[in-house]
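> Turn this into a structure:
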Amino acid sequence: MPGRHASETVWVRGRLPGLLEGMSLPEKILVALDSQGACEAALQAALWLARRGQSRVEYIHAFPERPWIFGAAEKLAEWSQGRDAALAQLRGNLGLWASRVPASMQPIYTPDPELLAVEIGVPARVISERARTSGARLLFLGPHRHRRGVSFENTLRAVLSESRIPVWVQPQPARAVRSILAPIDFSALSRSSLAHAQSLARELGAKLTVAHVFEPPTLGATSTMPMPEPHLVVDELRKRTQAEFHAELKRQGLADEALFLEGDPAECIEEQAARFDLIVLGSHGRSALGAAFLGSVTQTLARAPATALLVVPPPIPS
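From the prediction side, this is the model:
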């Protein structure tokens, strides 16, 4: 539909004093590994970021629980040997995957195979628990295929819904972060995710763009009294929203560039994704129901990310 995703670019000159002075890149990073190599790009992005922040990088792999078809307990050794073999293989793969980092991302942090742990259990549970207990401040995941219908067992969705630390989802291929998009909706959660985007942009010397999507309301006749023309109502609401957006930028001293978009929020951000190296946005709460409580924009982008996605969880109440 013509004009559905109309956009306006607003340049913000200069920077007001930042709110995050003194913040740095995470001291510890956790990377989830898989045996098929889907994690390779995530590992490379983590090693690139770790080198710039002098971060410690640890690794976690979930080995499946002993299946019932193995039968009697005396055959447990057969399954244990498989777990040990997986550990040895992944330790070898760490060096291989790191060696294939694009030249444009060099230098990187050198991975230490001794910091790889293989734990038994459901992947989402293993990864979430390790993220909670390891002291890591950032979790890296590779892309996950989207299943048809609603699936509460999907690893990516489950981890996003449970994680109390930011989660970086890295599709293929990995690349240096030179541009960051931070969508905001004026909520406390979007301000928190924006704070992370600011910090990263400053530490990495990346260009930060802030976006807000105006979603025109659907207006219907609800009264016999004379009413303004629907387009006049929408125009007025658009002007007020845009003014609020500009006021937010001025208050926070946020970005080099701002985008005021119009249309469906998830679709608009998805259309912009390929222009940026990283998108930073908030999740919308945690729940055992997983993706049912993730925001629609986050869900859409996480299903098949066109670029790296950093999902910031709600702040933990004090």
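> can you pull out the strands in the stretch 51-200 of the chain?
56-63, 116-120, 138-141, 167-169, 179-183 (DSSP state E, counting those that start in this stretch).
> Can you say which of those strands is packed in most?
Among those, strand 138-141 has the highest mean neighbour count (mean count of other CB atoms under 10 Å), at a mean of 27. C-betas here are computed from N, CA, C, even on glycine.
> Could you give the average pLDDT over stretch 198-210?
When pLDDT is averaged along stretch 198-210, the result is 93.
> CA atoms of stretch 87-104 as PDB?
Output in PDB follows, covering the C-alpha atoms of stretch 87-104 (Å, rounded to 0.1, in the frame of the first residue of the first chain):
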ATOM      1  CA  LEU A  87      33.900 -31.800  24.200                       C
ATOM      2  CA  ALA A  88      37.100 -32.700  22.300                       C
ATOM      3  CA  GLN A  89      35.500 -31.900  18.900                       C
ATOM      4  CA  LEU A  90      34.300 -28.500  20.000                       C
ATOM      5  CA  ARG A  91      37.600 -27.600  21.500                       C
ATOM      6  CA  GLY A  92      39.200 -28.300  18.100                       C
ATOM      7  CA  ASN A  93      36.500 -26.300  16.400                       C
ATOM      8  CA  LEU A  94      37.100 -23.200  18.500                       C
ATOM      9  CA  GLY A  95      40.400 -22.600  16.800                       C
ATOM     10  CA  LEU A  96      39.100 -23.500  13.400                       C
ATOM     11  CA  TRP A  97      36.100 -21.100  13.600                       C
ATOM     12  CA  ALA A  98      38.300 -18.300  15.000                       C
ATOM     13  CA  SER A  99      40.700 -18.700  12.100                       C
ATOM     14  CA  ARG A 100      38.000 -18.000   9.600                       C
ATOM     15  CA  VAL A 101      37.200 -14.500  11.000                       C
ATOM     16  CA  PRO A 102      37.100 -12.000   8.100                       C
ATOM     17  CA  ALA A 103      40.200  -9.900   7.700                       C
ATOM     18  CA  SER A 104      38.100  -6.800   8.300                       C
END
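> want to throw the strands of the stretch 51-200 of the chain into CSV with distance to Q272 and mean pLDDT?
As requested, these are arranged in CSV below (distance: least, CB to CB, whole Å; pLDDT from 0 to 100):
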stretch, distance to Q272, mean pLDDT
strand 56-63, 30, 96
strand 116-120, 36, 94
strand 138-141, 22, 96
strand 167-169, 17, 94
strand 179-183, 6, 94
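> how close does the residue nearest to E248 when sequence neighbours are not counted sit to D264?
With CB to CB, 6 or more residues apart in numbering as the criterion, E248 has its nearest non-adjacent residue at 6.3 Å, and that residue is F186. Computed as CB to CB, to the nearest Å, the F186 to D264 distance reads 18 Å.
> Neighbour count: these two, which is higher?
Neighbour count, other CB atoms under 10 Å: between F186 and D264, D264 has more, with 18 against 12.
> In stretch 203-215, which residues are buried?
By 16 or more other CB atoms under 10 Å, the buried positions in stretch 203-215 come out as E203, L204, A206, K207, L208, T209, V210, A211, H212, V213, F214.
> now do stretch 83-95
Quick answer for stretch 83-95 (16+ other CB under 10 Å): R83, A86, L87, L90, R91, N93, L94.
> Let me have those in JSON lines, extended by distance to R191 and pLDDT.
Below are the buried residues of stretch 83-95 laid out as JSON lines (distance: CB to CB, whole Å; pLDDT from 0 to 100):
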{"residue": "R83", "distance to R191": "44", "pLDDT": "87"}
{"residue": "A86", "distance to R191": "42", "pLDDT": "91"}
{"residue": "L87", "distance to R191": "42", "pLDDT": "94"}
{"residue": "L90", "distance to R191": "38", "pLDDT": "95"}
{"residue": "R91", "distance to R191": "41", "pLDDT": "96"}
{"residue": "N93", "distance to R191": "39", "pLDDT": "96"}
{"residue": "L94", "distance to R191": "37", "pLDDT": "96"}
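> I'd like these laid out as a markdown table, including distance to G253.
Supplementary listing: these in a markdown table, determined by distance: CB to CB, whole Å:
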| residue | distance to G253 |
| --- | --- |
| R83 | 51 |
| A86 | 48 |
| L87 | 48 |
| L90 | 44 |
| R91 | 45 |
| N93 | 43 |
| L94 | 40 |
